[in-house]
Every structure is written in C-alpha cells, then in structure tokens.
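Enquirer: here are the coordinates; sequence isn't available:
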C-alpha cells in the first residue's frame, strides 16, 4: 500500500501517505469488526445519535437561547435515547418519570 502512496509534493499525496501509514499502524483496531462480531462495521449509530440534535439546532435558529436550555435538551435527549436502546418507548419513559420516578437501565453484568 505504501508503494502506491510514495511521498509526494502535493497535499493530496501527503494525505494519502498519512492514511496508508495510519492504516499500517492501526490495522488490528481498524479491522477488529472482522474478528469480533460485537464491534459494528461503521460508527453510524453514533452519527444517528447526533443527527437529531443538529436538526434541532438548525430549527432553533442556529443555537439555543441559553446555555441552560441546551443543557436541559441534552439531558432529556440522552435519557430518551438510552431508554429507546433498551426497548422503552419515549412516552412510556416520560410517563414513568413523572409518575413513579425515572426509568434506569439495568446494572451491567459483572465482568
């Protein structure tokens, strides 16, 4: 791979060489999904988590009115996102929050 990306003079050639070097250095980590089925092929789950926040930011005129409003939004979004990952409907999670108390995820199994 490095022979195809010999040091060059243009920024594009330099970026290609840097990418090839990093792949060589971190090959095991990059290809871990081939050996460990628990590792996802892409990080799309993380990107999907951020996407609604960016949409909300755009519809709010580019920013939230206060830093506290942003913090409140982040806490609520995180709570509902975690509940959804555990199969809890957002409305059910909010209903429980305001009636009997917050839903909490189960403790992770001891390792």
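Expert: Ah, there it is. Predicted model only: the values in this text are computed from it and were never measured.

Enquirer: switch to C-alpha atoms for all contacts and neighbour counts from now on
Expert: Noted.

Enquirer: Ranking helices and strands of this structure by mean pLDDT, which lands last?
Expert: Lowest by mean pLDDT, DSSP states H and E among the helices and strands of the chain is helix 44-59, with a mean of 70.

Enquirer: Give me the below-cutoff pLDDT ranges for this protein.
Expert: Scanning the chain for pLDDT under 70 picks out 1-8, 43, 46, 54, 56-64, 111.

Enquirer: Domain ranges for it, per the record?
Expert: Using automatic domain parsing, the domain parsing of the chain gives 3-34, 44-99.

Enquirer: now these as JSON lines including mean neighbour count and distance to residue 109?
Expert: Shown next, in JSON lines, are the domains of the chain (neighbours: other Cα atoms under 10 Å; distance: least, Cα to Cα, whole Å):
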{"stretch": "domain 3-34", "mean neighbour count": "13", "distance to residue 109": "23"}
{"stretch": "domain 44-99", "mean neighbour count": "13", "distance to residue 109": "15"}
